[in-house]
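**Student:** fold the stuff below for me.
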Amino acid sequence: MKVLLALLSTLLLATCSQPPPLLERILEQGELRVVTRNSPDAYYLGSQGPEGPAYDLASSFAEHLGVPLRLYTVRTREAAVEEVASGRAHLAAAGLSTGISLPRGAQFGPGYQRVQEHLVYRRRTARPSSIAAAARGQIEVAAGSAHQRTLEDLRLRNPDLAWIERSDTDTEEILAEVSQGKVQFTLASSTEFALNRSVHPELAIALDLAPERALTWVVSTAGHDSSLLDRVNAFFVLARREGRIAALLERYYGKDERFDYLLSRNFMEHLDSRLPRYLTWFQEAAQAHDLDWRLLAAMGYQESKWDPHAVSFTGVRGLMQLTEDTAARMRAGDRRDPRASIFGGAKYLALLLRTMPRRIPEPDRTWLAVAAYNVGLGHLEDARVLAQEAGRNADRWDDVREFLPLLSQERWYTRTKRGYARGWEPVRYVDNVQAYLNILQVAGMSTGQLAPPPDPEVKPRGGR
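**Tutor:** Residues are numbered from 1 along each chain as shown. This next block holds a predicted model:
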């Protein structure tokens, strides 16, 4: 009897000392710790704040749990998995894919995207019919990447397969070199290809290689505790049912809009059908801040196609696409109101122009400020620093524009203060604004030629 009582007491004490399930601890502590990577397929600081597919999903999950998100970054995917296995992170949302072995205490969550590995080449060059045919040319991949491991697997069936492993670069930079004709072939995942094709339209897929894999989270299951994993599974079921995952994939990997002002019938149509409504406000706002109204109108068209109801995929609104923070700083009022948006955008552009060092001459001063309107002043400064370090003129737009796209390449953005940015976007933004401005000038639309807005009481619809 004494032995039985002692055994029972031991079992009761052991039961009482068991920690509560991980999900319960997260809710009690009021914090979801998520590890990620500073990369285009995970998390980065965009012009409107934090962005990235992994960040968006993790933010939604934290909101689903009703707790704040604590996000931090590590350099590699392997390090992200280790953070979960060690218990420092509750889950890893870092662009991870199935097909890798996980340590004890970590499990894959549900897949949210299928990715395919491709052999990539430059359009208008000879397309290889097989990986063996490509190997007769030159294949280059980043050393230590998943693409190197894919080639090693393929060599089991193709003993003569050879390639160059580069330790001085990453996949994004090699893709850029393929588009420029400096490298013949490389490997890229479907997500990497989708993110880079807008920057390098010369890229094309030659072959599909390894079988599809799923992008997924890695979730802590230490001590066989599946409480968090169960909640993650339930969240993904709900997110799919509501269409949130499909919307996220379309936002980051969907087809982008390309602009050719010589062939753009929409612009000429909107010149007659939309601009007259807002012309007076563009002129008044430009005069108030000593700006060219045609520049302001060109930016407005690039931002919203002169549509006051426009909402971007990042949630910015209105004709000049002001964020809530920027609208508040500029005291613009309701950013959905077209007049308020135009005057707020003009005030913000004028502020950016004043922020540029006085030594910068025109027109470089204007184009740098216009780029900052799109990508943010901090990322523009990062590109200017890179330009200066390379011995280029950081006050000249034609020099800085060459370094902005490098902010999307790990080799470069890890050297900057603010990290990854979709650096090709401000370059395209400025190019388009310049093209629209040229059309306005060529069209001979001087001040006062167009009729005043027929309906100044344009009311916003919906929104916050």
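**Student:** any stretches of this protein with poor pLDDT?
**Tutor:** Flagging of the chain using pLDDT under 70 yields the residue ranges 1-18, 46-49, 99, 198-199, 254-265, 313-315, 442-464.
**Student:** if we go to 50?
**Tutor:** Flagging of the chain using pLDDT under 50 yields the residue ranges 11-16, 256-259, 261-263, 444-464.
**Student:** domain map for it?
**Tutor:** 19-111+221-253, 117-211, 261-442 (automatic domain parsing).
**Student:** mean neighbour count for these - can I get that in JSON lines?
**Tutor:** (C-beta placed from N, C-alpha, C; glycine too.) Converted to JSON lines, the domains of the chain look like this (neighbours: other C-beta atoms under 10 Å):
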{"stretch": "domain 19-111+221-253", "mean neighbour count": "18"}
{"stretch": "domain 117-211", "mean neighbour count": "18"}
{"stretch": "domain 261-442", "mean neighbour count": "19"}
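**Student:** which helix or strand contains residue 369?
**Tutor:** Residue 369 belongs to helix 364-375 when assigned by DSSP states H and E.
**Student:** wait, a helix at residue 20?
**Tutor:** No: the assignment for residue 20, made by DSSP: H, G, I helix; E, B strand; the rest coil, is coil rather than a helix.
**Student:** how much space separates it from residue 51?
**Tutor:** As defined by C-beta to C-beta, to the nearest Å, residue 20 lies at a distance of 34 Å from residue 51.
**Student:** same check on residue 200?
**Tutor:** Going from residue 200 to residue 51 by C-beta to C-beta gives 21 Å.
**Student:** can you pull the contacts of residue 368?
**Tutor:** By C-beta atoms under 8 Å, 6 or more residues apart in numbering, the residues touching residue 368 are 356, 360, 380, 384, 395, 397, 400.
**Student:** same deal with residue 378?
**Tutor:** 45, 417, 418.
**Student:** wasn't residue 334 part of a strand?
**Tutor:** No: according to three-state DSSP, residue 334 belongs to no strand; its state is coil.
**Student:** which non-adjacent residue is nearest it?
**Tutor:** Nearest residue to residue 334, sequence neighbours excluded (C-beta to C-beta, 6 or more residues apart in numbering): residue 340, at 5.4 Å.
**Student:** show me the strands in the stretch 101-250 of the chain, by range?
**Tutor:** 106-108, 113-115, 117-122, 140-142, 164-166, 186-189, 203-208, 213-220 (DSSP state E, counting those that start in this stretch).
**Student:** now these as TSV including distance to residue 151?
**Tutor:** As requested, these are exported to TSV (distance: least, C-beta to C-beta, whole Å):
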stretch	distance to residue 151
strand 106-108	24
strand 113-115	17
strand 117-122	10
strand 140-142	7
strand 164-166	9
strand 186-189	7
strand 203-208	12
strand 213-220	16
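**Student:** run the chain-centre distance for whichever strand or helix holds residue 435.
**Tutor:** Per DSSP H and E, residue 435 falls inside helix 424-442. Centre-to-centre, helix 424-442 and its host chain are 22 Å apart (C-alpha atoms, centre = their mean, to the nearest Å).
**Student:** any idea which element residue 281 lies in?
**Tutor:** Per DSSP H and E: helix 275-288 holds residue 281.
**Student:** so what's the gap between that helix and the chain middle?
**Tutor:** Helix 275-288 has its C-alpha centroid displaced from the chain centroid by 32 Å (C-alpha atoms, centre = their mean).
**Student:** bridging residues for the residue nearest to residue 311 when sequence neighbours are not counted?
**Tutor:** Nearest non-adjacent residue to residue 311, counting by C-beta to C-beta, 6+ apart: residue 317, 5.2 Å away. On the basis of DSSP bridges, residue 317 is bridged to residue 311, residue 322.
**Student:** distance check, residue 317 against residue 340.
**Tutor:** 11 Å.
**Student:** packing partners for the helix holding residue 281?
**Tutor:** Judged by 3 or more C-beta pairs under 8 Å, 6 or more residues apart in numbering; DSSP states H and E, the packing partners of helix 275-288 are helix 293-304, helix 338-355.
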